[in-house]
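1. give me a model of this one.
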Amino acid sequence: FMGDNSPVMMSVSSISYIRDLYNAGLAADISGYIAEDSDFYKTYDYVQDAFYYGDAIIGFPEKLEVPLLGFFNDSLIEAGYDPNNFTCETWDDYYEIAEKMNTDSCSGSSLYVYEYYLWPNNWFLSNGAEPAIQNDDGTITLDFTNEGVLQTIDFFRRLYLNGLTNSNINYTNIADMLTLIYNKKVASFTLYPNWLSRLLPYDIQPSDITLIPYPTGPSGNNESSVIVSGTVFNAQKSPEELKAAVVYAEYMNGEDSCGDFASFCEENDIVQFSIPPYSSIDWSAGLKENGIPDSWINSTNVALENGFITKLHSTAFTTYLTTQFAGIIREEDADIVGTLADAQDTATREWLEDFNTYLN
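-> Residues are numbered from 1 along each chain as shown. Next up is the predicted model:
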């Protein structure tokens, strides 16, 4: 985003990274260029909120991704469940289901450090908890020891200590995580519907998997994690270039354009989980006719209705925390509160204060 040949705009799949670019003076505030009747204001409220940074608008939203909880239908049937009528509303329900699906060759539940490292909010948010928050002024607030976080860690420890999850919880990259799914070593797992293309080469069809939104934790508060891509604009460019780029992005990512694309996919039997940021568009039209199960479509829509976009991409603080999670999950007598409090304090000393000071 720097130099003579730098682009006027680019697509970024992390709200936090867009904020980092803005803090560095590279991403432009487009509030002065965006039209008053822009389709930006027609997107989901939480999508709009994610692109507001104080009074600034730091990008134009593109497509969305939604992590869901997947279950192999064979495992459900073997455990006595009917995939066509399957529900899992609470963490207690999930524990019971995982227990019944657990076998000598297949863990009933999956547990990866990678999920903490990159997407910890799938489970944290389903219990109404956020361990790290990026504030509107760009500063970061850590809260590793709130009740929702502690309940989440304790739940994973219960799954692990009772033998319901894979024995090696140190998987730290997506390849390890997906290998367990490809080889059907786990009966339930995190899955993004747009990972369909990753599954097909391993002869795993959509009809083999039931997807549901994450069940609600003991707090009773549940939000669904949503990942959003966005077009960001180069603050180094001239006002004329920025205005032209914003107009182009509004056209290419606007409501009509997204609706036209959904219609094109339907008319041409194209199966693609490209989810627009507009609730007005039936993005799923035609998917059922092309073999996508109801659970994939319905659960995605439920998650979108209950969506939450984490403004802080969690890699920074969980780089430290991943060294702690495995220990406190494995050890029955581990001091969860003490360990997380130390982790929060260490993270603050090592980088958080410098980060917040830099912003000011």
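2. look up the closest residue to Leu161, ignoring the ones flanking it.
-> With sequence-adjacent residues excluded and distances taken as CB to CB, 6 or more residues apart in numbering, Leu161 is closest to Glu332, at 5.8 Å. For every residue, glycine as well, the C-beta is placed using N, CA and C.
3. tabulate the CA atom coordinates of stretch 293-313 in CSV.
-> What follows is stretch 293-313, C-alpha atoms only, in CSV (Å, rounded to 0.1, in the frame of the first residue of the first chain):
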residue,chain,number,x,y,z
PRO,A,293,-28.4,-29.6,2.6
ASP,A,294,-30.9,-27.5,4.3
SER,A,295,-28.7,-27.4,7.5
TRP,A,296,-25.9,-25.6,5.6
ILE,A,297,-28.2,-22.9,4.3
ASN,A,298,-30.6,-22.6,7.3
SER,A,299,-27.8,-22.6,9.9
THR,A,300,-25.8,-20.0,7.9
ASN,A,301,-28.8,-17.7,7.8
VAL,A,302,-29.5,-18.1,11.6
ALA,A,303,-25.8,-17.3,12.3
LEU,A,304,-26.0,-14.2,10.0
GLU,A,305,-29.1,-13.0,11.9
ASN,A,306,-27.2,-13.3,15.1
GLY,A,307,-23.9,-12.2,13.8
PHE,A,308,-21.0,-10.5,15.5
ILE,A,309,-17.8,-9.3,13.9
THR,A,310,-14.7,-9.2,16.1
LYS,A,311,-12.9,-6.0,15.5
LEU,A,312,-9.7,-7.4,17.0
HIS,A,313,-8.1,-10.3,15.0
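4. give the rounded mean pLDDT of it.
-> Stretch 293-313 shows a mean pLDDT of 89.
5. what distance separates that stretch from the centre of its chain?
-> When distances are taken as CA atoms, centre = their mean, to the nearest Å, stretch 293-313 is centred 9 Å away from the chain's centroid.
6. what of stretch 284-292?
-> Centre to centre, stretch against its chain (CA atoms, centre = their mean), the figure for stretch 284-292 is 23 Å.
7. kindly report the same for stretch 177-190.
-> 18 Å.
8. also stretch 160-169?
-> That offset, for stretch 160-169, works out to 23 Å (CA atoms, centre = their mean).
9. kindly report the same for stretch 35-55.
-> On CA atoms, centre = their mean, the centre of stretch 35-55 falls 19 Å from that of its chain.
10. for the residue nearest to Leu161, helix, strand, or coil?
-> coil (DSSP: H, G, I helix; E, B strand; the rest coil).
11. surely it touches Asn162?
-> No. Glu332 is beyond contact range of Asn162, at 10.4 Å (criterion: CB atoms under 8 Å).
12. quick one, which of these two is more surrounded?
-> The residue with more neighbours, out of Glu332 and Asn162, is Asn162; 14 against 9, by other CB atoms under 10 Å.
13. next structured bit after the lowest-mean-pLDDT helix or strand in the chain?
-> Within the chain, no helix or strand scores below helix 113-118, which has a mean of 53 by mean pLDDT, DSSP states H and E. Note on helix 113-118: by DSSP states H and E, the next helix or strand toward the C-terminus is helix 121-125.
14. figure out how far the next helix or strand after that following helix is from the centre of its chain.
-> Using DSSP H and E, the next helix or strand after helix 121-125 towards the C-terminus is strand 132-134. What separates the centre of strand 132-134 from the centre of its chain is 15 Å, taken as CA atoms, centre = their mean.
15. name the helices or strands packed onto the following helix or strand past strand 132-134?
-> Using DSSP H and E, the helix or strand that follows strand 132-134 in sequence is strand 140-142. For strand 140-142, the elements it packs on are strand 132-134, judged by 3 or more CB pairs under 8 Å, 6 or more residues apart in numbering; DSSP states H and E.
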